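**Student:** quick one, what's the 3D model for this:
(2 chains)
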Amino acid sequence: MKKAAVLVLALALLLAGVSTALAKTTITFWYSLGGNAGRVFQEMVAEFNASQDEIFVDAVYTGGYGETAQKVTASLAANTLPDGGVIPAAPLFTGRVGNYLIDEYLRGPKGLDMDDFYEEFWNYNKYDGRIASLPFNNSTPVLFYNKDILRQAGLEPKAPETWDELVEMAIHLRDWAAQERLRNFVPINMRNQDWMLKCFILQNGGQLMNEDYSAALINEPEAVEAIEFWVSLVDQGLMPAGLHDRARDHFIAGNQAFLFDSTAGIGTIAQTVEFDFDTAMLPGNKQRAVTLGGAALTMFPSTPERQDATWEFLTWLLQPENVAKWTVQTGYVPVRKSVLESPEIQQLFEEQPYYRAAFEQLEYVVSMEHFWELGALDEYLVNLISQVEYKAQTPQEAADELVRLMAEEIERNR
Amino acid sequence: MRRTLVKKLIIHLVLLTLGAAMVLPFLWMVSTSLKGYHEVFRYPPRWIPDEPQWRNYLEVWKLAPFGRFYVNSTIVAVITTAGQVLTGVLAAYAFARMEFAGRDQIFMLFLATLMVPTQVTLIPTYIVMSRMGWIDSYKSLIVPFLATAFSVFLLRQFFLTIPKELEEASIMDGCSKLRFIFAVIMPLSKPAISSVALFGFLGSWNSYLWPLIVINSNQMRTLPIGLRYFVSQQGGGSEWHYLMAASLIVMLPVLIVFFLAQKQFIEGIAKSGIKG
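**Tutor:** Numbers count the residues shown, from 1 in each chain, chains lettered A, B, ... in the order given. Here you go, the predicted model:
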């Protein structure tokens, strides 16, 4: 008798447990964020899971951008996709296969205040003119400069505003270093050189692709001029040829005055350098311009119930207070305009002023939509840079070749 | 006498230099694993950290479920290795000793698979695994690697050096083919088998991309994926000190296996006809 009662009780408890578990929607969410950013993301997921009891997010780390892209490609082919994720080049895995769930939800009753996001960030998340993912972990290039070196060389510790000022300061630094016999010193270097060259082209009023992304425009005069400017930096001994992947280490070691690098590097640099440094917007020429990098939030098709749950989680991540938290703890740029005014960010500016330039230049962001040949373009740009730096080709020749290769690539995929 | 001494000295000097070149990165790894976050980037770099951070090892163990990863890696590597040795021995015997039509052609075809880069077969294999319902399980980590052309090739070359008379004599004494393989060939081929086993074990232990792609849950992951938790995209701050501590934890069993088996390992390479 007693045994039976215990059994019934146990069964009832079990059923209760099962039913609450059933009421909960579990969604699988892949994220391509390692290191500190990965940990902050895990914490946010835990916070979301604790904040309500309808949805449980099972967040799975999927490695770096390259590996995650391969994993998503394989899952797309075998139809084993998760419910959503922080995925690199997300529009290529959604919009390109006709998945515009994000666009549909954005227009639905539970949409986001789209005006509070920078227009160019939406552009970055489009495929074929339509939004296919959400901005989240984005970064832009920024200019780091070593104030101590500028002072030692007798310059005002201020960042250059234009290309001309940059060259002028760099020449002064080059001559100063020669006089001081600083053999390891270089005035300028750039990390992620393809990304930086894109910015230079845009700053000179050039364009990378035509409006419908069917042809590269890098051999047009404004773009070629930008490449020529790049080469002139090398020719005048202001920037090393090649060696771009060592740029950050060289800057950290105090052997380089100007570093063009991602805003995502601010945290690391701030924690490691032992000299006085600051950041500034990239210098402009005909205009100011920076391009956008980073992955995006997205959703893959499943059941309406799970899609709703995924949307709930995505919009939670993009609530202003969570964007502020994400920004402060990772150094990724704030994707919502209102966040810039938030007390958290204002406090960050006060404590770590070098974030100011990174976040305030967001109004100068110029972005491209995602198109299939984007990866090829980056690869060809890296190749172009080494061709022109080592004088294997003139800027015009290299640009013509890139445009031809892109045309072939696009032709193949049509 | 004098000349041999000088000769010996020169040889050892060269060997020591080369040895140092091999060992230095490892020592640097140990040094970095004991540094603090700031110290990693200090310039000029220092070999001995100011205050060795032994707690890095503890932190790492806590930041990802390395215990579970260890169990997974061990299960997968051991079964994969056993499978490769077994299929390798049987296939190598057939290719080395049995006579059948198209034997050499089939062997060439087998060898040709060594030329196919893994990236090419990645997605097709994934789709097969997914159709079998094996995604996110040990099966998907083990089955595709149970037979490799490399192990068959290495063992076949070794079996060719075993005198034919041995087999003839055994068969005369009433020994079956299978028994001959297990009772005569295998004990004779210890060096080759141990190098196949070591290569198989290392390959499985270090495998990264495939486990990352077929495994979705944290409980099923293997050690190399655990290492990736400390690497960050866009250079936004990889945690080198943790990464190196974790790498050492991951490398330890492999180092032990290598020290225990290094004699067989080297013999296997030297005797199977692969010469550099």
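**Student:** quick one, strands of the stretch 251-400 of chain A?
**Tutor:** With DSSP state E, counting those that start in this stretch applied, the stretch 251-400 of chain A shows strands at A:256-262, A:277-280, A:293-299, listed in chain order.
**Student:** among those, which is nearest B:S73?
**Tutor:** Each of the strands of the stretch 251-400 of chain A has some distance to B:S73 by Cβ to Cβ; the shortest is strand A:293-299, at 28.1 Å. C-beta coordinates here come from the backbone N, C-alpha and C atoms, glycine included.
**Student:** summarise which helices and strands that closest one is packed against.
**Tutor:** Under the contact criterion of 3 or more Cβ pairs under 8 Å, 6 or more residues apart in numbering or on different chains; DSSP states H and E, strand A:293-299 touches strand A:84-87, helix A:90-93, helix A:101-107, strand A:134-139, helix A:304-317.
**Student:** for chain B, which of those is the nearest?
**Tutor:** Closest to chain B of these, according to Cβ to the nearest Cβ: strand A:134-139, at 6.1 Å.
**Student:** other residues contacting that closest one?
**Tutor:** With contact meaning Cβ atoms under 8 Å, 6 or more residues apart in numbering or on different chains, strand A:134-139 is reached by A:33, A:37, A:86, A:102, A:112, A:117-118, A:121-122, A:124-125, A:262-264, A:292-298, A:314, A:317-318, A:326, A:330-333, A:335, B:234, B:236.
**Student:** returning to that earlier point: same list (the strands of the stretch 251-400 of chain A) but as CSV, adding mean neighbour count and mean pLDDT.
**Tutor:** Shown next, in CSV, are those (neighbours: other Cβ atoms under 10 Å in any protein chain shown; pLDDT from 0 to 100):
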stretch, mean neighbour count, mean pLDDT
strand A:256-262, 26, 95
strand A:277-280, 20, 94
strand A:293-299, 25, 93
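**Student:** JSON lines for those strands, including distance to B:M244?
**Tutor:** Putting the strands of the stretch 251-400 of chain A into JSON lines (distance: least, Cβ to Cβ, whole Å) gives the following:
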{"stretch": "strand A:256-262", "distance to B:M244": "23"}
{"stretch": "strand A:277-280", "distance to B:M244": "26"}
{"stretch": "strand A:293-299", "distance to B:M244": "26"}
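**Student:** among the ones you listed, which is nearest A:Q42?
**Tutor:** Across those, A:Q42 has its closest neighbour in strand A:293-299 (15.5 Å, Cβ to Cβ).
**Student:** strand A:256-262 and that closest one, what's the angle between them?
**Tutor:** Relative orientation of strand A:293-299 with respect to strand A:256-262: 20 degrees, computed using axes from the mean of the first three to the mean of the last three Cα atoms, to 10 degrees.
**Student:** show me the shaky parts of the stretch 101-250 of chain B.
**Tutor:** Across the stretch 101-250 of chain B, the stretches falling below the confidence threshold (pLDDT under 70) are B:232-238.
**Student:** which residues in it form helices?
**Tutor:** Secondary structure of the stretch 101-250 of chain B (DSSP state H, counting those that start in this stretch): helices at B:103-112, B:118-132, B:138-142, B:149-160, B:164-172, B:177-180, B:186-188, B:190-206, B:209-214, B:223-228, B:240-271.
**Student:** just name the most buried of the helices and strands packed on strand A:293-299.
**Tutor:** Compared across these, strand A:84-87 shows the largest average neighbour count, a mean of 28 (mean count of other Cβ atoms under 10 Å in any protein chain shown).
**Student:** before I go, just wanted to say thanks for your time.
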